[in-house]
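Enquirer: no FASTA, just this:
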């Protein structure tokens, strides 16, 4: 098994407020991946008293973004079932959230079958909706995620966009709680 990726960290909110826009966006990557339209808007609305305030503003910003920018924000997240090594390098938190750091809960042949099915479903989903499938995995097994994506393929475009954005924000809130841990990031 590959070594566990380094845990990303959040800079203190006071430091975040002072960063130049490009570094500000990079500092938000642990929460929002590389969602440039969201990071740009959040940068313009500084300062923040807390990360909770920042996430509240992120929710308001996402709601009013034009559809093309909403798609960019959604597509910043890695695909569910992406190759483990690629995910480990590009998004250590997604790597962990998708269960790659816990070893295979099923045998490798069965896992490969789920990964192939997820890849097929991802292609179908993206062809139908025009953006990536985003779900708050919350450490659920692949079998459950396969069921979720199959059910969501039956929904409308508007429902799916709203769900993807809502789940993206839920992921950010969960990541914030994880990264803050017992310390206060204000």
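Expert: Okay, I see it. Given the structure is predicted, the values throughout are model-derived calculations rather than measurements.
Enquirer: any idea how far the one residue sitting closest to the centre of the chain lies from residue 53?
Expert: Centroid-nearest residue in the chain, with CA atoms, centre = their mean: residue 77, separated by 4.6 Å. The gap separating residue 77 from residue 53 is 23 Å, by CB to CB, to the nearest Å. (C-beta placed from N, C-alpha, C; glycine too.)
Enquirer: what about the chain, any weak spots by pLDDT?
Expert: For the chain, the stretches flagged by pLDDT under 70 are 1-7, 81-112, 181-186.
Enquirer: for this protein, what spans make up the helices?
Expert: With DSSP state H as the criterion, the chain has helices at 13-18, 21-32, 36-44, 51-64, 67-75, 84-90, 92-97, 108-129, 142-152, 157-180.
Enquirer: which ones are touching residue 118?
Expert: Going by CB atoms under 8 Å, 6 or more residues apart in numbering, residue 118 touches 80, 81, 142, 145, 146, 149.
Enquirer: Kindly indicate the member of these with the most neighbours.
Expert: Tallying neighbours with other CB atoms under 10 Å puts residue 80 at the head of the contacts of residue 118, with 25 neighbours.
Enquirer: just to revisit the earlier point, would you turn the helices of the chain into TSV with distance to residue 136?
Expert: Below are the helices of the chain laid out as TSV (distance: least, CB to CB, whole Å):
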stretch	distance to residue 136
helix 13-18	24
helix 21-32	13
helix 36-44	17
helix 51-64	14
helix 67-75	13
helix 84-90	16
helix 92-97	9
helix 108-129	16
helix 142-152	10
helix 157-180	4
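Enquirer: Please identify the most buried of the ones you listed.
Expert: Greatest average neighbour count among the helices of the chain goes to helix 92-97 (a mean of 21), per mean count of other CB atoms under 10 Å.
Enquirer: quick one, phi/psi of residue 78?
Expert: Phi and psi for residue 78, reported as degrees, to the nearest 10, are phi -70, psi 150.
Enquirer: any idea how far it lies from residue 133?
Expert: Distance, residue 78 to residue 133, by CB to CB: 11 Å.
Enquirer: Now do the contacts for residue 122.
Expert: Neighbour list for residue 122: 79, 80, 81, 132, 133, 149 [criterion: CB under 8 Å, 6+ apart].
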